[in-house]
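> whatever this is, show me its structure:
(2 chains)
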Amino acid sequence: MSASFFFGVEVFMNGLMAGVMYSLVALGFVLIFKASGIFNYAQGVMALFAAQTLVGLQTGLVPFSHLINAVFGTEVHHFGWNIPTVFAILLTILIMIVFAILVEKLVLKHLVNQEPIILFMATIGLAYFMEGFGDLMWGSEIKTLDIGIPQGGNIWVEEATAGLGGEDFFGFYLDTLDIYATVIAIALVTALVLFSQYTKTGRALRAVADDHQAALSVGISLRTIWVIVWSIAGFVALVAGAMWGAKSGVQFSLSLIALKALPVLMLGGFTSIPGAIVGGLIIGVGEKMFEFLIGAPFLGGATENWFAYMLALLFLVFRPQGLFGEKIIERV
Amino acid sequence: MLYREVGDFKTSYKADGQTFPIAFDRYRYYAVLLIAFALVPFLLNDYWVKAIVLPFLIYSIAAIGLNILTGYCGQVSLGSGGFMAVGAYSCYKFMTGMDIWLPFGENGESIQYALPPLNIFFSVILGGFTTALVGILFGLPSLRIKGFYLAVATLAAQFFLVWLFNKWSWTYNYSASGQITAPERLLFGQAITGPSTEPWATYLFCLVFVVVLALVARNLTRGHLGRSWMAIRDMDIAAEIIGVNPMKAKLTAFAISSFYIGIAGALLFAVYLGAVEVGEVYGIQKSFLVLFMIIIGGLGSIFGSFAGAAFMVLLPVLLKNVLVGQLGWATDIAAHLEFAIVGALIIVFLIAEPHGLAQLWRVIKEKLRLWPFPH
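Next up is the predicted model:
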């Protein structure tokens, strides 16, 4: 067993962990798409906004401080208190629910029965709005998010695996945060599946996903369901945003994870929760392995930007509905 | 009274099939052309050309191109930025002399053949053709994939092309900075690109492209090809059944749309910016910008492409002037506010008028037909 083989295995495992992160974001997309047929481009920005809000509440930032300072010439920035993480998370969830209600009231309600492309454009507009709004509210500088999860390599994994290889092998390097994220993601997905299978609201969600009109006719309120779905998507965004934010800082690039989640969706199918997870893992492992085996040695590196899209594109040519998507049946 | 078909008798098929059948439209068109060619060049100064007029003209071409693909043929594309980059880089290669390396030399060395540097006008056109070829290549999946899946698939083009122009040093002539910089090129003895251009010259150069391309687009969309695009857009299976060849329709839409977008990209680089770093200028933001233009302007309308481009070019300039110039805010706060306002405006537009500014214009025309009598 050579060192490069073990390095390959390590890349593989890191790919799996990255894939879990992609799945987390993709999950938010799938939830909204299933329940309302809306392709929510704003999911990534929602993650950014949730993470910004979490940091802002935790560290007691004054909302809109830059704007207030610009208009009134004051010098406010901090309230001077720190809120415990648990309360900050609860408050952020509350804010995301309020956001879901506002989106439903101000945007979705008026766009019922429009073409999907119009709704998609509306979510891009929403993404732009939230990006500007979030930066206005909390400032655009890079913030560090500390939610109590230790950072850095996991000593335990490293020591446990060090004996596998030869002299020059010191065990696998896995980020503790990634391991936590994986566990949290698994818990979140399990909770979502249980929720949608065994609760009344969950059944209503599935009914709406199945057929809007039939769901309406048996007395399910579409608008309530939309608020619930957007709230859940906001919660998923918070989890994804907190994880990514803790890993690499809360900054604009966080919203770009939405772009990483899109090929995951294509691969797994827009309507399938298992698809989002499997697709995320395939993309995470695929792009890391491609970069390791082909990209970095032969193509000059940084292939991670497009590999996922190319993979999804090639895959779709052979299976247009994705891995687990519903078969597309067209009638005239 | 002025705007009507009634009483305007056509006596030949040629007169009936002309580009603007309604007399008022025709005269308005001639008047706009006259003002644009004969009056505006004398009024322009450097600020107006750089801040408003050139971006408006160039983005109009891009918006018409994307409108052909998305508005007329119904294939949503998020790859416009990447296609603009193809136009810019191939224009750059043609205007600096395309070098071709063949591995047939003695001792296995490659030999270099180089085309002479081409005239800027032909470089831009050839840039368009190169983009059309790339567009056809990335349009091939559209034969299998539809709707959102296709929209996301075009993102593959966006990211791959930007990466390619970052990594493939041949495309930027092995320059150390990885940037491409347009050298000075003349047309009729007048500098079009480079540091010492006259505002009116660059303006007229772009205007010629805009007028010709818009006219071609308008007539294409009225003809056989445009109707087959619209049939595919409205329902592709039904179109196939009545005899529209979907492969031909989709691929021509991709090719012609990419041609337009490539020319816009080439002009943006060569005439407007002068020096370009691919990730900054032709990133995904550009794709969204062009998409916003056609949504706000109106899908499936040439006039809408112009209106949308004007709106999206003017809005940031206006906001910046008011917020930074008048109120004296810091530029970063103004930029955030601009994001929020643009986003909110898009949503408001979609709710109030999903068919865009072009629909407002159509409503005005309907009113004009009856004016001054309401019934």
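
> list phi and psi for the closest residue to residue B:115 other than its chain neighbours.
Nearest non-adjacent residue to residue B:115, counting by Cβ to Cβ, 6 or more residues apart in numbering or on different chains: residue B:98, 4.4 Å away. Yep, even glycine has a C-beta here, placed from its N, CA and C like the rest. As for residue B:98, its main-chain torsions (degrees, to the nearest 10) stand at phi -70, psi 120.

> go on, residue B:114?
Main-chain dihedrals, residue B:114, degrees, to the nearest 10: phi -130, psi 130.

> now the one 10 residues further on
The phi and psi values for residue B:124, taken as degrees, to the nearest 10, are phi -60, psi -40.

> next: residue A:143.
phi -120, psi 150.

> show me what it is bridged to.
residue A:250 (DSSP bridges).

> hmm, the residue nearest to residue B:115 is touching residue B:112, no?
No: at 10.8 Å, residue B:98 does not count as touching residue B:112 under the criterion of Cβ atoms under 8 Å.

> neighbour count: the two, which is higher?
Between residue B:98 and residue B:112, counted using other Cβ atoms under 10 Å in any protein chain shown, the more crowded position is residue B:98 (17 against 10).

> so what pLDDT did the residue nearest to residue B:166 when sequence neighbours are not counted get?
Spatial nearest neighbour of residue B:166, chain neighbours left out: residue B:278 (6.0 Å); criterion: Cβ to Cβ, 6+ apart. Listed pLDDT for residue B:278 reads 81.

> count the residues that sit near residue B:278.
25.

> I figured it hits residue B:160, correct?
No: the pair residue B:278 / residue B:160 is not scored as a contact, 12.0 Å apart, by Cβ under 8 Å.

> next, the residue nearest the centre of chain B: secondary structure please.
Centroid check for chain B by Cα atoms, centre = their mean gives residue B:62 as the closest residue, at 1.0 Å. Following DSSP: H, G, I helix; E, B strand; the rest coil, the label given to residue B:62 is helix.

> show me where the stretch 151-300 of chain B dips below the pLDDT cut-off.
Within the stretch 151-300 of chain B, no range satisfies pLDDT under 70.

> which residues of it lie near chain A?
B:151-153, B:155-156, B:159-160, B:162-163, B:166-167, B:235, B:237-238, B:241, B:284, B:288, B:291-292, B:295 (Cβ under 8 Å from any Cβ of the partner chain).

> mind checking how far the residue nearest to residue B:166 is from residue B:80?
Note on residue B:278: its distance to residue B:80, by Cβ to Cβ, to the nearest Å, is 14 Å.

> name the residues of stretch A:92-112 that are buried.
For stretch A:92-112, burial by neighbour count (16 or more other Cβ atoms under 10 Å in any protein chain shown) applies to A:92-93, A:95-97, A:99-100, A:103-104, A:107-108, A:111.

> what about residue B:112, which helix or strand?
strand B:111-114 (DSSP states H and E).

> model confidence over that strand, on average?
Strand B:111-114 shows an average pLDDT of 70 in the prediction.

> got the contact list for residue A:100?
Residue A:100 is in contact with A:227-231, A:233-234, counting by Cβ atoms under 8 Å, 6 or more residues apart in numbering or on different chains.

> poorly predicted segments of chain A, please.
For chain A (pLDDT under 70), the answer is A:1-3, A:76, A:80, A:147-173, A:295-297, A:300-301, A:325-332.

> how about the helix or strand hosting residue A:306 and chain B, any contact?
If you go by DSSP H and E, residue A:306 is part of helix A:304-318. Yes: contact of helix A:304-318 with chain B (Cβ under 8 Å from any Cβ) involves A:305-306, A:309-310, A:312-313, A:316-317.

> tell me, how many residues neighbour residue B:174?
Per other Cβ under 10 Å, the neighbour tally for residue B:174 reads 8.

> in a helix, that's where it is, yeah?
No: Residue B:174 is assigned coil when assessed by three-state DSSP, not a helix.

> now residue B:306: closest residue in space, sequence neighbours ignored.
residue B:60 (5.1 Å).

> quick one: pLDDT of the one you found?
pLDDT, residue B:60: 93.

> OK, contacts around it?
Residue B:60 makes contact with B:210, B:214, B:305-306, B:309-310 under the criterion Cβ under 8 Å, 6+ apart.

> could you list which of those belong to strands?
Among the contacts of residue B:60, no member is found in strands (DSSP state E).

> so which of these is the most crowded?
In the contacts of residue B:60, the most neighbours by other Cβ under 10 Å go to residue B:305, 32 neighbours.

> near chain B, which residues of the stretch 1-150 of chain A are found?
Proximity of the stretch 1-150 of chain A to chain B (Cβ under 8 Å from any Cβ) is limited to residues A:39, A:66-67, A:70, A:106-107, A:110-111, A:114-118, A:120-122, A:124-133, A:135-136, A:140.

> ok, 7 Å please
Residues of the stretch 1-150 of chain A lying close to chain B (Cβ under 7 Å from any Cβ of the partner chain) are A:39, A:66-67, A:70, A:107, A:110-111, A:114, A:117-118, A:121-122, A:124-129, A:131-133, A:135-136, A:140.

> put the buried members of the residues you listed into a PyMOL selection.
Here is the PyMOL selection string for the buried members of these, based on 16+ other Cβ under 10 Å:
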select buried, chain A and resi 39+66+67+70+107+111+114+117+118+121+122+124+125+126+127+128+129+131+132+133+135+136+140
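
> the residues of the stretch 1-150 of chain A next to chain B in helices, which ones?
Counting by DSSP state H, the part of these found in helices is A:66-67, A:70, A:117-118, A:121-122, A:124-129, A:131-133, A:135-136.

> does stretch B:318-338 come close to chain A?
Yes: judged by Cβ under 7 Å from any Cβ, stretch B:318-338 comes into contact with chain A at B:329-330, B:332-333, B:336-338.

> among those, which ones are buried?
By neighbour count, with 16+ other Cβ under 10 Å, the residues of stretch B:318-338 next to chain A hold B:329, B:333, B:336-338 as buried.

> in strands only, show me the residues you listed.
With DSSP E as the criterion, strands contain none of those.

> hang on, the earlier thing: out of the contacts of residue A:100, who's the most crowded?
Ranking these using other Cβ under 10 Å puts residue A:230 first, with 29 neighbours.

> residue contacts, that one?
Residue A:230 makes contacts with A:32, A:100, A:103-104, as judged by Cβ atoms under 7 Å, 6 or more residues apart in numbering or on different chains.

> make it 6 Å
Counting by Cβ atoms under 6 Å, 6 or more residues apart in numbering or on different chains, residue A:230 touches A:100, A:103.

> that older thread, just checking, the residue nearest to the centre of chain B touches residue B:261?
Yes: counting by Cβ atoms under 6 Å, residue B:261 is a contact partner of residue B:62 at 5.3 Å.
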